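*Asks:* pasting the structure only:
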């Protein structure tokens with residue numbers, strides 16, 4: 001995947017997340033506060049995810065992996081600090097292997113188990129050039145409820 005296509009993907013996902021946040025806020029008549037800059041501590045362990053400022057690719061958007069997909073890259077992940085969400089793109093076939101590698105990476109990088117990962121706001125998708133059939137769907141993590149089964 002080239003750098004321009006990945007940037008378009010990131011901007012598209014960012015726009016979708018922003019629209020979702022606005023819809024929820026309008027529905028619930030809540031105000032938006034962006035003061036917290038770390039992943040909530042789900043288990044009261046004192047561990048939180050704080051992104052490395054060197055990886056910031058846009059305002060409050062951080063690349064957890066490289067933006068330029070290399071030959072050996074199976075996935076790319078960005079973190080949206082403003083709502084503590086993650087967007088992952090599976091970059092090549094076989095998609096089940098790419099997703100398995102992504103899941104192992106997230107467990108290690110975020111120091112969360114599978115159950116905790118399922119509680120996070122993580123979208124997993126593919127670009128149209130990887131799979132036009134699955135393009136536009138949130139595939140989810142394989143061990144979470146509602147995920148798409150990949151062959």
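*Replies:* Sure thing, it's come through. Only a predicted model underlies this, so the values are computations on that prediction, with no experimental measurement involved.

*Asks:* Tell me who's in contact with residue 114.
*Replies:* Contacts for residue 114 were tallied using C-beta atoms under 8 Å, 6 or more residues apart in numbering; they are 103, 107, 141, 143-144. Glycine gets a C-beta too; all of them are placed from N, C-alpha and C.

*Asks:* Of these, which count as buried by neighbour count?
*Replies:* Among the contacts of residue 114, the ones that count as buried by 16 or more other C-beta atoms under 10 Å are 103, 141, 144.

*Asks:* Quickly name whichever of the contacts of residue 114 is closest to residue 87.
*Replies:* Distances from residue 87 to those, taken as C-beta to C-beta, are shortest for residue 141 (12.8 Å).

*Asks:* what about the closest one, distance to residue 58?
*Replies:* In this view, residue 141 and residue 58 are 24 Å apart by C-beta to C-beta, to the nearest Å.

*Asks:* again with residue 79
*Replies:* Counting by C-beta to C-beta - residue 79 and residue 58 are separated by 11 Å.

*Asks:* Quick check: neighbours shared by these two?
*Replies:* Residues touching both residue 79 and residue 58 (C-beta under 8 Å, 6+ apart): none.

*Asks:* So for these two, which sits in the more crowded spot?
*Replies:* For the pair residue 79 and residue 58, the greater number of neighbours falls to residue 79 (21 against 13), based on other C-beta atoms under 10 Å.

*Asks:* give me the low-pLDDT residue ranges for the protein?
*Replies:* Within the chain, the segments meeting pLDDT under 70 span 1-54, 67-69, 71.
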